[in-house]
Each structure stands twice: as structure tokens, then as C-alpha cells.
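Undergrad: missing the sequence, but the structure's below:
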């Protein structure tokens, strides 16, 4: 059974905007980010998703843990980060359409943090804010059937952008686990999006959620009251749209020549022209591009082939012998 939601003009407008931005990202090769950007985004994703759940570790401490360095902090917080690193370092191993994979991810994410990680709850749960019960989750005996239906919904021909938001909301509503529901909802939305658009592996939209957690919880509550996920779809699509903006703006930062060459080298072009270089860095002039390429030759990063309008460039292969 399809979960209840409406497709509003706002949702359609956001889907158009997101699709255009994904097109621009693919056209400028930003869907193949440099190793530095990939690492930064992984750190931001882990930091933001766990911060929403009350984790106190900083981005610097998470960086240290990612580099296998010792960090002093609350044992539980360190363990949460180490578990999240295991997931995000091996994200391609998880299948967004598989319930078995979903339970496996929860067992890794919550290992040593709760009893029986990777198993659905066997008791009733509610979310309490202050003295008020904010949300009473469905009875535990219904959880396996509700989750099975939700995974069936993922196999429908609905647009992935919408499916990812609906899954995130419905999973939060069902609250299938005693703990770890929030981080699993955000992780699984990312996985659903990656399946269709690989660029989402490098977009830490959790950062924007963590900047305004109140809004996140407010929208979840609004959906609970309305009995459908429409508001949450609108909210999450605008978060995704803004995250794509940030990635596109990252490409227009004031890189210096060496940074541009280093970034371009990571795109692994076999052969390219000055125009290809300028298509990647849309904010530079043709004379700046020429200076960059000349510098690349001087630094031994590039080799020049041909002359005048037939000039092409190749990236040198480092000699590892």
C-alpha cells in the first residue's frame, strides 16, 4: 500500500530545480569530487547526523578518528562515530531496496550501543518532549509488516527524490528500533538517492538539518497530525536543493592555480582542451586558464600535445617505480 502524501506545486518546482542542479553538477564534473572534498563531506555528514542525536564530538575529533588517531571524549560518543565511519566508509555495500541490508546497517551503526542491534523493537515506544508525548509509535507487533510494506513501496515507479523523503518520514513514524531511528532514516534516504544519483554520496544534507533541528522536528510533528508526509517531502526537498547550491558554490570559490590543477587532476581526463578546463571552472577567464595550463606544464602535471587551436593536454602519470 502506498504511504499517504500529495504532490504539491512546491514539490514539483523543487524537483525541477534539483534536477537542473544535478545536471549542472554532472556537466562540470563535480559528481567526481576531489579526494579532499569527499573526505570533508564524509566528516560533515557523520558530525551533523550524530550531532542531531546529541553527540558532542567536533569535526576535528571525527577527522582524527577517521585517521585512526586517539581521541579523548565520552566513550559512547566515540563509539557512535566509529560505528558511523564503518558505515560511510563502506556505503556501497548496502542495498537501499533490501530490508536485510537495512537491518545489517543498523547492527553496525548501533553495535555495542544498544542490546540486539539490527533487530526490530519488541516493546512499545513513544517520543516524549518535556512532559508531553509527542509521538506514540505503532504497536511493536505491527513493525515487521509496516517495514515490509515500506520496502515494497521503494520498488514502485515513484520518483526517487520523493521515495527517499517518504521512506525517511515513514520510518521515523514507525520507529522500528529502540534507538538509532533518526540516523537510520537519514542514512537510508542518502542510500536511496545514491542509487539514482551517485553525487549524493558527497552531499552532506544532514548539515543543513542540524543547523535547524527545531524545524526538522516541527515538520515531523506536522506530518503526524496531518496523517501524511507531504510537509516532510517539501521540507527535505528544499534541504536537498540548498545542499546542491552549496556544492555548486564550492566550485566557484576562489581557488588558486595549484588548487584548480589539483582538483582537475582528480577528474581523470585522458586528454582535454582549454575549453574543457574552463567548463569545469566557469568563473575563470581564458587568459587565467592559459596561465593555469602553462603552470601545469612547468610543474610536470601536464603534457602539451599539438599547437594553436589543435592544442590538447594530458595529465602525466606519476612514476611509482
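TA: Yep, it's here. Just so we're clear, the structure is a prediction, and the values are computed from it rather than from any experiment.

Undergrad: Which positions within stretch 188-202 qualify as buried?
TA: 188-195, 197, 199-202 (16 or more other CB atoms under 10 Å). In short, each C-beta sits where N, CA and C put it, glycine included.

Undergrad: Is it possible to get TSV of these that adds secondary structure and distance to residue 19?
TA: Shown next, in TSV, are the buried residues of stretch 188-202 (DSSP: H, G, I helix; E, B strand; the rest coil; distance: CB to CB, whole Å):
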residue	secondary structure	distance to residue 19
188	helix	22
189	helix	17
190	helix	18
191	helix	20
192	helix	16
193	helix	13
194	helix	16
195	helix	16
197	coil	9
199	helix	12
200	helix	13
201	helix	18
202	helix	18
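
Undergrad: Let's have the residues you listed in TSV, adding distance to residue 228 and pLDDT.
TA: TSV is the format used below for those (distance: CB to CB, whole Å; pLDDT from 0 to 100):
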residue	distance to residue 228	pLDDT
188	20	97
189	18	96
190	23	94
191	23	95
192	19	96
193	21	95
194	26	92
195	24	92
197	25	90
199	29	84
200	25	87
201	30	83
202	31	79
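
Undergrad: which stretches of the stretch 151-300 of the chain form helices?
TA: 160-174, 181-196, 206-211, 213-226, 230-251, 257-265, 274-280, 286-298 (DSSP state H, counting those that start in this stretch).

Undergrad: And those helices: which comes nearest residue 129?
TA: The minimum distance between residue 129 and these falls on helix 213-226, with 8.1 Å, by CB to CB.

Undergrad: Mind checking the pLDDT average for that closest one?
TA: Computed over helix 213-226, the mean pLDDT rounds to 92.

Undergrad: Tell me the helices and strands packed up against it.
TA: Applying 3 or more CB pairs under 8 Å, 6 or more residues apart in numbering; DSSP states H and E, one finds that helix 213-226 contacts strand 132-136, helix 160-174, helix 230-251.

Undergrad: which of the residues in it are buried?
TA: Residues of helix 213-226 classed as buried by neighbour count (16+ other CB under 10 Å): 216, 217, 219, 220, 223, 224.

Undergrad: ok, so of these, who is nearest residue 278?
TA: Nearest to residue 278, judged by CB to CB, of the buried residues of helix 213-226 is residue 216 at 39.5 Å.

Undergrad: Find the residue closest to the closest one in space, skipping its chain neighbours.
TA: Once its chain neighbours are removed from consideration, residue 216 has its nearest residue in residue 209; the separation is 5.1 Å (CB to CB, 6 or more residues apart in numbering).

Undergrad: Residue 92 versus the one you found, what's the distance?
TA: According to CB to CB, to the nearest Å, residue 209 and residue 92 sit 23 Å apart.

Undergrad: Looking at these two, which has the bigger crowd around it?
TA: Applying other CB atoms under 10 Å to residue 209 and residue 92 shows that residue 209 carries more neighbours, namely 22 against 10.

Undergrad: For residue 186, see how far away the more buried one is.
TA: If you measure residue 209 against residue 186 using CB to CB, the figure is 7 Å.

Undergrad: Check residue 36 too.
TA: As defined by CB to CB, residue 36 lies at a distance of 23 Å from residue 186.

Undergrad: Figure out which of the helices of the stretch 151-300 of the chain is closest to residue 81.
TA: Shortest separation from residue 81 across the helices of the stretch 151-300 of the chain is recorded for helix 181-196, at 11.3 Å, computed as CB to CB.

Undergrad: Low-confidence stretches in this protein?
TA: Along the chain, segments meeting pLDDT under 70 span 28-34, 130, 133, 250-254, 268, 317-321.

Undergrad: domain parsing for it?
TA: In the assignment given by automatic domain parsing, the structural domains of the chain cover 30-251, 257-315.

Undergrad: export those domains to TSV and tack on distance to residue 9?
TA: Shown next, in TSV, are the domains of the chain (distance: least, CB to CB, whole Å):
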stretch	distance to residue 9
domain 30-251	10
domain 257-315	31
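
Undergrad: Most tightly packed of the ones you listed?
TA: Burial among these, expressed as mean neighbours by mean count of other CB atoms under 10 Å, is greatest for domain 30-251, which shows a mean of 17.

Undergrad: just how off-centre is that one within its chain?
TA: Taking the mean C-alpha point of domain 30-251 and that of its whole chain, the gap between them comes to 9 Å (CA atoms, centre = their mean, to the nearest Å).

Undergrad: start at 757 instead
TA: Renumbered: residue one is now 757, and that last one reads domain 786-1007.

Undergrad: what sits in contact with each of residue 965 and residue 942?
TA: When contacts are counted by CB atoms under 8 Å, 6 or more residues apart in numbering, the set common to residue 965 and residue 942 consists of residue 808.

Undergrad: Tell me the one among the buried residues of stretch 944-958 nearest to residue 1015.
TA: Using CB to CB, residue 958 is the member of these that lies nearest residue 1015, at 17.4 Å.

Undergrad: In this structure the closest one contacts residue 794, no?
TA: Yes: with contacts defined as CB atoms under 8 Å, residue 958 counts as touching residue 794 at a distance of 5.7 Å.
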